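Student: Give me coordinates for this.
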Amino acid sequence: HCAYGCLYCFADNLESHRATALAAVGQTPLASVETLFSGGGGKRMGILQKALKFDRRNANGYPCAVQLGALCEPCDNIERNQGWLLGLIDLAVKYRQPVRMSTKGKLLQLKDYKERLAQAPELFWVAFSLITPDDGLLEQIDLKAPNATERLRTMASLSKQGVTTSLRFRPMLPGISDATPKHPKAYKELIERAAQAGCKAVSLEAAFTPGNAGQDVKKRWAALGALTGIDYVGLYSSFGPNQACNRPSYEWTEAIMHAVVEEAHKCGLVVGVSDPVWKQLGDTGCCCGILPDHPVFGN
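Tutor: Modelled structure (predicted):
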C-alpha cells in the first residue's frame, strides 16, 4: 500500500491502509518471485506464468514485462525499511526479466538502489507520476511525497545511468496541471523539464472524479478545491449522469490534450494516452508510451 496521502487518491479508509502497510512484515516472498521468473513451480505457477504471457518473448528474447506501482508506491519509506525491491532487482537481473515501475519517490537515486540497477539498466523502466511543476502546490497535494524538483532530479539521475524513464502526467487537473499562479504554462514547463531530465515518453489522462465517493474521498476533493478555488466534484458532476467515474467530454479537454501532445512531440517524447476519450492521440496502442519496437519492453 502507498504510504503517501495524495489528496486526489480514490482509496477510501486510507489511514487503515497505511496502518496495514506499516504493520506488514514483508511483501510476496522473493522465493515465490524467483519461482515465477524462472519458469518453475508446477501447474499452479504455470497458470500464472501463462496469464502473464511469460511464454511469449519479443524479437530480442525478453519475456513479458512486469509492473510495480500501478496502484501503490514501491519506493517509499516502507521499502527503505524492508529492502524488498533490492532483492527483486537482483532477481530481475538474474533472469533477464524486464520490470517497469511507477513512482512518486526519490528512493532510486540512493547508492544501493542505483548500484543494483546499474547491473543491467536496460531491464528497467521507471515512470514518474507528476501532475505539476509547482513545488509549493504539489507539497500540499501529494502529501509526504517528494516535490516535483526532487522527482525530476531522480529521473535525471536514472536516465544518466541508462535506465529508461518516462513521465506519468496523470491525472491532469484544471488549475494544477494546465496553469498555476506561479507557473502560467505549467504543462509546458513540466514536459520540458522532464525531457531535459532524459525522459523518453509521456503518458496522459485527464482527471475524473469517482461517481460513488465515500466521505474520505469527498474530503480530499474538497481540500483540492480549497487549494485551487475549483469545485471539482460539482464541475465533473455537471458533465452528465453519475456513473462509476465522471469523465469530462472531449469538447472540454480538447485544448489541453492537444497542447500537451504537441509539446511532448516538440520535445521528442513518445506519447501514450490512457484517457479513453483521447486514445487516438497516442503514438502507440500502449498507454504507457512504449513503442512496439523497443528492444526490451516492445511488443
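Student: Report the mean confidence score over whichever strand or helix holds Gly234.
Tutor: Using DSSP states H and E, Gly234 maps to helix 232-237. Mean per-residue pLDDT for helix 232-237: 87.
Student: Buried residues in that helix, which are they?
Tutor: Buried residues in helix 232-237, counted by 16 or more other Cβ atoms under 10 Å: Tyr232, Val233, Tyr236. Where you see a C-beta, it was placed from the backbone N, CA and C, and this is true even at glycine.
Student: so where do the helices sit in the stretch 1-150 of the chain?
Tutor: In the stretch 1-150 of the chain, the segments counted as helices under DSSP state H, counting those that start in this stretch are 14-23, 30-38, 42-51, 77-82, 84-95, 111-117, 135-141, 148-161.
Student: Give me the next element, helix or strand, following the longest one.
Tutor: What that stands for is helix 148-161. strand 164-172.
Student: Any regions of the protein where pLDDT drops low?
Tutor: Applying pLDDT under 70 to the chain flags the ranges 1-3, 10-26, 242.
Student: Regarding it, what is its longest helix?
Tutor: If you go by DSSP state H, the chain has its longest helix at helix 250-266.
Student: Tell me which residues touch Ser203, please.
Tutor: The neighbours of Ser203, taking Cβ atoms under 8 Å, 6 or more residues apart in numbering as the test, are Ala127, Ser166, Leu167, Arg168, Phe169, Arg170, Gly272, Val273, Ser274, Cys287, Cys288, Gly289.
Student: For it, give its distance to Leu269.
Tutor: Distance of Ser203 to Leu269, computed by Cβ to Cβ, to the nearest Å: 10 Å.
Student: between those two, what contacts are shared?
Tutor: With Cβ under 8 Å, 6+ apart, Ser203 and Leu269 have common neighbours Leu167, Gly289.
Student: now stretch 254-269, how far from the centre of its chain.
Tutor: On the basis of Cα atoms, centre = their mean, to the nearest Å, stretch 254-269 is displaced by 19 Å from the centre of the chain it belongs to.
Student: List the buried residues for that stretch?
Tutor: Those buried within stretch 254-269 under the rule 16+ other Cβ under 10 Å are Ile256, Met257, Val260, Val261, Glu263, Ala264, Cys267, Leu269.
Student: Report the backbone C-alpha coordinates of that stretch in PDB.
Tutor: Extracted C-alpha coordinates of stretch 254-269, given in PDB (Å, rounded to 0.1, in the frame of the first residue of the first chain):
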ATOM      1  CA  GLU A 254      -9.700  19.100 -26.300                       C
ATOM      2  CA  ALA A 255      -7.500  22.100 -26.000                       C
ATOM      3  CA  ILE A 256      -5.300  20.900 -23.100                       C
ATOM      4  CA  MET A 257      -4.900  17.400 -24.500                       C
ATOM      5  CA  HIS A 258      -3.800  18.600 -27.900                       C
ATOM      6  CA  ALA A 259      -1.500  21.200 -26.300                       C
ATOM      7  CA  VAL A 260       0.200  18.600 -24.200                       C
ATOM      8  CA  VAL A 261       0.700  16.100 -27.100                       C
ATOM      9  CA  GLU A 262       2.100  18.900 -29.300                       C
ATOM     10  CA  GLU A 263       4.500  20.000 -26.600                       C
ATOM     11  CA  ALA A 264       5.600  16.400 -26.000                       C
ATOM     12  CA  HIS A 265       6.300  15.900 -29.700                       C
ATOM     13  CA  LYS A 266       8.300  19.100 -29.800                       C
ATOM     14  CA  CYS A 267      10.500  17.700 -27.000                       C
ATOM     15  CA  GLY A 268      10.900  14.400 -28.900                       C
ATOM     16  CA  LEU A 269       8.800  12.300 -26.500                       C
END
